[in-house]
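Q: Fold the following.
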Amino acid sequence: MSSLYSLQEYTGEEDFIIAMDIGTTQSAVSFVHLVPGTTPQCKMVNHWPGQAQSRNAAKVPSAVSYRAGVLRNCGEAAIQDLEAGNLDVAQWFKLHIHPLTMARPSSFVIPALPPGVSIERAYMDMMKYLMNITQRFFERTTPDGNRIWTKLRDRMTIVLTTPNGWEDQEQAIIRTAAVRAGIVNWENVWQRLCFMAEAEAAVHYALKYYPQDWLERDTVFSVVDAGGSTVDITVYRCVLAQPLSITEVCPGECAQAGGIFVNREVERLLSERLQGSPYDDPVIIRDMLDFFERKLKPVFDGNQSEYHIRFGGSTDTDESLRISKGIITLSLQELKVAFDKAVNPIIACCTNALKGHMPKYILLIGGFGESPYLRQALEGSFRGAGVRVIGVGDYSRKAAACVCLQLIDAHLE
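A: All right, here's what the predicted structure looks like:
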């Protein structure tokens, strides 16, 4: 079980905190059971239905499937429904709630929600699923877990992370969805449900799990949180190194740019190349995209002349399509075009955010923040200004876990 500990003993009343990070492509949940006289331990839910234990076990797909408007499945099972040909799947539904002020590429079309399903409904069903699996996980991994959950269920604090660009209107939709999901009610929603900016969670993660020997008084640094659909950029100044105290130098920036824009461009590339061929099949293209997402996208660095996606068997060969024995080959230039759809807006957003407040360090975090290509692009753009880019890594438990840890610290004060 993935666990993170506070360093102080808890002396308040027994309490329970659940943090949900519902991302564009993946979601995660952490929780902490606060018991007087013990050291708080933040735990990640790392066993989701239909998923094997792995490095990414703490994440579950943000997907909900329906049949004629009736909920069918959530998480991995919803992705399996999509792969089986059920097109009534709410995927990337977070994009429907992004405010119009968050610009995105004009050519990018948000996947439609299933017929009769609102954005509020998709969030409601996803939140209810996350809560139910969290309860099951806690009860199975905690002695007397059922009694503890029942005792504290109606007074748990629920925290959701949101992009910097979300304000009252977007939070109101999530708040209503939480009430409809039965997680809170209208009488206590303002006390039990709260929001935290993803960028705030990111900086606490970065500072808690990355060595701070570089951080001195008056050091200016930036946290770039590059996720599935948004990039949050915040600039901080270190007020005091010991004990640590930081302050925001300027308002944070948020833009729609992230890993899904790369996926969509690769999908377009494959669809155009395979059009009219025996491989022009949605299932085959989904298999290619799945391999790209799992194997190629995390390691693409732009340093090879060509890259390969495995999808079929030894009989799948077509030289005109650059397919050999079940492997399709993409050129460096093709993939650079796809990655630049996300990377160029991120660089532009960083340049704007850091104007007049050039940091000494950029801490790169988030799912797309793991991309070697993005890191190299940032290094190349800011090297002349003497900025060092630091990849923090271990993003799978970033937001949800650090929300819990920050609230633990607040309870201990």
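Q: So which residues of this structure form helices?
A: 76-83, 119-141, 145-152, 168-180, 189-192, 198-209, 259-274, 282-291, 332-353, 372-382, 398-412 (DSSP state H).
Q: Comparing the ones you listed by mean pLDDT, which bottoms out?
A: Among the helices of the chain, helix 398-412 has the lowest mean pLDDT, at a mean of 56.
Q: Burial check on the nearest residue to Ile183 once chain neighbours are set aside, number of neighbours?
A: Once flanking residues are discounted, Ile183 sits nearest to Met131: 5.5 Å by C-beta to C-beta, 6 or more residues apart in numbering. C-betas here are computed from N, CA, C, even on glycine. Burial of Met131 is recorded as 20 neighbouring residues (other C-beta atoms under 10 Å).
Q: Roughly how far does Met131 sit from Val29?
A: For Met131, the distance to Val29 equals 8 Å [C-beta to C-beta, to the nearest Å].
Q: hey, what's in contact with both of the two?
A: Overlap of the contact sets of Met131 and Val29 (by C-beta atoms under 8 Å, 6 or more residues apart in numbering) consists of Ile18.
Q: quick one: Val337 and Leu193, what's the gap?
A: Relative to Leu193, Val337 is positioned 42 Å away (criterion: C-beta to C-beta).
Q: residue boundaries of the strands in the stretch 1-150 of the chain?
A: 3-5, 15-22, 26-34, 41-44, 60-61, 63-67, 70-74, 89-91 (DSSP state E, counting those that start in this stretch).
Q: Lowest average pLDDT across those strands?
A: That would be strand 3-5, which, of all those, carries the lowest mean pLDDT at a mean of 53.
Q: quick one: the longest strand along the chain to chain centroid distance?
A: Of all the elements of type strand in the chain, the one with the most residues (DSSP state E) is strand 230-240. On the basis of C-alpha atoms, centre = their mean, to the nearest Å, the separation between the geometric centre of strand 230-240 and that of its chain is 19 Å.
Q: what's that strand packed up against?
A: Packed against strand 230-240 by the contact rule (3 or more C-beta pairs under 8 Å, 6 or more residues apart in numbering; DSSP states H and E) you find helix 198-209, strand 220-226, strand 245-248, strand 253-256, helix 332-353.
Q: Packed most tightly, which of these would that be?
A: Comparing the helices and strands packed on strand 230-240 on average neighbours per residue, with mean count of other C-beta atoms under 10 Å, the densest one is strand 220-226 at a mean of 26.
Q: between that strand and helix 259-274, how many degrees?
A: 40 degrees (axes from the mean of the first three to the mean of the last three C-alpha atoms, to 10 degrees).
Q: Would you mind listing the outside residues contacting strand 220-226?
A: Outside strand 220-226, the residues that touch it by C-beta under 8 Å, 6+ apart are 198-199, 202-203, 206, 215, 231-238, 249, 257-259, 346, 350, 353-354, 357-369, 371, 374, 378.
Q: Any chance of JSON lines for the helices of the chain, columns distance to Met44?
A: Formatted as JSON lines, the entries for these read as follows, by distance: least, C-beta to C-beta, whole Å:
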{"stretch": "helix 76-83", "distance to Met44": "17"}
{"stretch": "helix 119-141", "distance to Met44": "9"}
{"stretch": "helix 145-152", "distance to Met44": "16"}
{"stretch": "helix 168-180", "distance to Met44": "21"}
{"stretch": "helix 189-192", "distance to Met44": "21"}
{"stretch": "helix 198-209", "distance to Met44": "13"}
{"stretch": "helix 259-274", "distance to Met44": "21"}
{"stretch": "helix 282-291", "distance to Met44": "24"}
{"stretch": "helix 332-353", "distance to Met44": "27"}
{"stretch": "helix 372-382", "distance to Met44": "25"}
{"stretch": "helix 398-412", "distance to Met44": "6"}
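Q: I'd like to know which of those helices is closest to Thr25.
A: Checking the helices of the chain against Thr25 by C-beta to C-beta gives helix 259-274 as the closest, at 6.3 Å.
Q: and the closest one, what other elements does it pack with?
A: On the basis of 3+ C-beta pairs under 8 Å, 6+ apart, helix 259-274 makes packing contacts with helix 282-291, strand 327-331, helix 332-353.
Q: 6 Å - rerun?
A: Contact here means 3 or more C-beta pairs under 6 Å, 6 or more residues apart in numbering; DSSP states H and E; on that basis helix 259-274 packs against helix 282-291, helix 332-353.
Q: Tell me which of those lies nearest to Glu13.
A: Going by C-beta to C-beta, the one of the helices and strands packed on helix 259-274 nearest Glu13 is helix 332-353, 40.9 Å.
Q: From the contact counts, what lies against the closest one?
A: By 3+ C-beta pairs under 6 Å, 6+ apart, helix 332-353 packs against strand 230-240, strand 253-256, helix 259-274, helix 372-382.
Q: Touching it from outside, list them.
A: Applying C-beta atoms under 6 Å, 6 or more residues apart in numbering, the contact partners of helix 332-353 are 231, 233, 253, 255, 257-258, 261-262, 265-266, 269, 305, 307, 373-374, 377, 381.
Q: neighbours of Leu374, just the number please.
A: If you count neighbours by other C-beta under 10 Å, Leu374 ends up with 28.
Q: Ignore what I typed, I meant Ser271.
A: Applying other C-beta under 10 Å, I find that Ser271 has 13 neighbouring residues.
Q: With the one 5 residues further on instead?
A: Number of residues near Gly276 (other C-beta under 10 Å) recorded here: 6.
Q: what do you get for Ala385?
A: Neighbours around Ala385, by other C-beta under 10 Å: 10.
Q: Kind regards, and thank you for your time.
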